[in-house]
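1. give me the fold of what follows.
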Amino acid sequence: MSTTVSGKSGTWRNWAGNVTARPVREVAPASVEELSAAVRKAAADGLRVKAVGTGHSFTAAAATDGVLIRPQLLTGIRNIDREAGTVTVEAGTPLKRLNVALAREGLSLTNMGDIMEQTVSGATSTGTHGTGRDSASIAAQIKELELVTADGSLLTCSEEENPDVFAAARVGIGALGIVTAITFSVEPIFLLTAREEPMTFDKVTADFDELFTENEHFEFYWFPHTGNCNTKRNNRSAGPEKPIGQIGGWIEDEFLSNGVFQVANLVGRAAPATIPTIAKISSRALSARTYTDIPYKVFTSPRRVRFVEMEYAVPREALVETLRELKTMVDRSSLRVSFPVEVRTAPADDIALSTASGRESAYIAVHMFRGTPYQAYFTAAERIFTAHEGRPHWGKVHTRDAEYFSKVYPRFGEFTALRDRLDPDRRFGNDYLRRVLGS
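-> Presented below is the predicted three-dimensional model:
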């Protein structure tokens, strides 16, 4: 039996606290059948319906004033097909549980993002990605998915079955239906050797093409108000495993990257004039290190300091110019930015509204500590990103609308036409989707 739940205040908040919603009711279905019934009941009541995962999006993509679907009972692995190299997982399964379960079975996703708190459906629907020269986003690793559509029916789609839906629904922003299960391509577990080291901004930008070409996974953080970066190179390794030591890992990943960084941001929020000095200290706090471990222990890291984020994908060949423009803007402004800027890459994929759809992409993510005014910084950054035909991450702060997206996504009309067919009454609509996709 489905469970109806309500928070004490009746208000849903996302992880960052910048989005709230007051649904009429919340439903936690225990089966696909119960989910379908909840969608039909919402339609009968004239209510819109949205599914929400762990709230790690910074946009209102999942917000609703109607029925809020909680997928916490739709979790777990349905099937592992070792011959086909696939795993089918319920849509509400957190990535961290999937990664641990796959490792236990000697399997792994090929690539993943740098956090794993999201549900698999939330992560894929908004285009969550890691960094990779050849391996793409989590959504690009989908082989098949199930979708409850606006009339409550269940639709299965893949390259062979309903391929038009498959081309769009892998990054569907919740506009086409509610995902109930996802089949991912997986491979035998492997080892990655991570090499982390400081590097100057000038060297990273001058050598970016070489660093990108020579490494399977390359990313870096630039600390505003400084000329300093921290770089990370992940490449497959024959081993042996050499994980981070327990004490050293705690010092760098918990004490420095979370504990001390939290305090530094609190100080910076209270006294913004101290931020440039704090940035110089922070950018030198982490030392070089090399370690070898299984994928999710290398790709992901704990993020306990809360923030608000904007991220844009620009053509990879435009990355260095875009990043230099961003640095110049910060250097010449009165802005005080306490969070590093994150830079990653992805190969082109074939998903209609993937930020890497049809083009090799580089991602630039700007962050501000939660509770700190971010609008001036994000507005200035967005002006730079859009000048390079940037595509914002669907789950991160941006101000773009359907008119803009129709220009930067060649397949935008294909997606909206499919939405008209699958959800003509906008049962899965909300204010955010109205802005980004049109009425």
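2. so where is the stretch 301-439 of the chain shaky, pLDDT-wise?
-> Along the stretch 301-439 of the chain, segments meeting pLDDT under 70 are nowhere present.
3. could you give the number of residues near the residue nearest to Leu191 when sequence neighbours are not counted?
-> Distance criterion C-beta to C-beta, 6 or more residues apart in numbering; nearest residue to Leu191, sequence neighbours excluded, is Ser237 at 4.5 Å. All C-beta spots, glycine's among them, are computed from the backbone N, C-alpha and C. If you count neighbours by other C-beta atoms under 10 Å, Ser237 ends up with 16.
4. which stretch of helix or strand covers the residue most central in space within the chain?
-> Closest to where the C-alpha atoms of the chain average out (C-alpha atoms, centre = their mean) is Thr128, at 3.0 Å. Assessed by DSSP states H and E, Thr128 sits outside every helix and strand.
5. now do Gly53
-> Assigned by DSSP H and E, Gly53 falls within no helix or strand.
6. same deal with Phe218?
-> Assessed by DSSP H and E, Phe218 sits inside strand 217-222.
7. dihedrals phi and psi, the residue nearest to the centre of the chain?
-> The phi and psi values for Thr128, taken as degrees, to the nearest 10, are phi -60, psi 140.
8. can you tell me the closest non-neighbouring residue to it?
-> Gly113 (4.8 Å).
9. retrieve the pLDDT associated with the residue nearest to Leu191.
-> Note on Ser237: pLDDT of 97.
10. and what of the one 10 residues further on?
-> The predicted local distance difference test score for Ile247 is 63.
11. that older thread, isn't the residue nearest to Leu191 up against Asp293?
-> No: taking contacts as C-beta atoms under 8 Å, Ser237 lies outside contact range of Asp293: 9.3 Å.
12. backbone dihedrals for Arg344, please?
-> Main-chain torsions, Arg344, degrees, to the nearest 10: phi -140, psi 180.
13. how close does it get to Ser135?
-> According to C-beta to C-beta, to the nearest Å, Arg344 and Ser135 sit 12 Å apart.
14. name the residue in the two with the higher neighbour count.
-> When Arg344 and Ser135 are compared for neighbours, Arg344 comes out ahead with 23 against 18, by other C-beta under 10 Å.
15. contacts only, for Thr20.
-> Thr11, Trp12, Arg13, Asn14, Ala63 (C-beta atoms under 8 Å, 6 or more residues apart in numbering).
16. sorry, that was for Glu309
-> Residues in contact with Glu309 (C-beta under 8 Å, 6+ apart) are Ala16, Phe58, Ala365, Val366, His367, Lys396, Val397.
17. note down every partner strand of the helix or strand containing it and its orientation.
-> In the assignment (DSSP H and E), Glu309 maps to strand 307-315. When sheet partners are counted by DSSP bridges, strand 307-315 sits next to strand 361-369 (antiparallel), strand 391-392 (antiparallel).
18. who touches Phe201 in this structure?
-> Trp222, Thr226, Gly227, Asn228, Cys229, Lys327.
19. now intersect these with the strands, please.
-> Trp222, Asn228, Cys229 (DSSP state E).
20. for the second one, which non-adjacent residue is closest in space?
-> The spatially closest residue to Asn228, leaving aside those adjacent along the chain, is Ser283, at 3.7 Å (C-beta to C-beta, 6+ apart).
21. picking up where we left off before, correct me, but the residue nearest to Thr128 touches Thr124?
-> No: if you go by C-beta under 8 Å, Gly113 and Thr124 don't touch, sitting 10.6 Å apart.
22. so what sits against both of the two?
-> Ile138.
23. tell me which of the two has more neighbours.
-> Counted by other C-beta under 10 Å, Gly113 and Thr124 do not tie: Thr124 has more neighbours, with 28 against 19.
24. wait, a helix at that one?
-> Yes: looking at Thr124 with DSSP: H, G, I helix; E, B strand; the rest coil, it is inside a helix.
25. state the distance from it to Met112.
-> Counting by C-beta to C-beta, the gap from Thr124 to Met112 is 11 Å.
26. overlap of the contact sets of these two?
-> Residues touching both Thr124 and Met112 (C-beta under 8 Å, 6+ apart) are Ile138.
27. any weak-confidence spans in the stretch 101-250 of the chain?
-> 247-250.
28. show me where it has helices.
-> With DSSP state H, counting those that start in this stretch, the ranges of helices along the stretch 101-250 of the chain come out as 120-125, 163-169, 201-206, 208-214, 246-249.
29. of those, which is nearest Leu35?
-> helix 120-125 (11.6 Å; C-beta to C-beta).
30. name the residues that touch the closest one?
-> Contact with helix 120-125 is made by 51-54, 56-57, 61-62, 71, 89, 91-95, 98, 113, 128, 137-139, 142, 170-174, 179, 182, 184, 394-395, as judged by C-beta under 8 Å, 6+ apart.
31. if I look at Gly438, how far off is Ala175?
-> 11 Å.
32. sorry, back to before: what packs against the strand holding Phe218?
-> Here strand 217-222 touches helix 201-206, strand 228-237, strand 341-346, going by 3 or more C-beta pairs under 8 Å, 6 or more residues apart in numbering; DSSP states H and E.
33. out of those, flag the one nearest Arg421.
-> Among those, strand 341-346 comes nearest to Arg421, with 28.9 Å by C-beta to C-beta.
34. surely Lys297 touches Pro243?
-> Yes: contact criterion C-beta under 8 Å: Lys297 and Pro243 qualify, at 6.8 Å.
35. which of the two has more neighbours?
-> Neighbour totals were compared for Lys297 and Pro243, and Lys297 leads with 19 against 12 (other C-beta under 10 Å).
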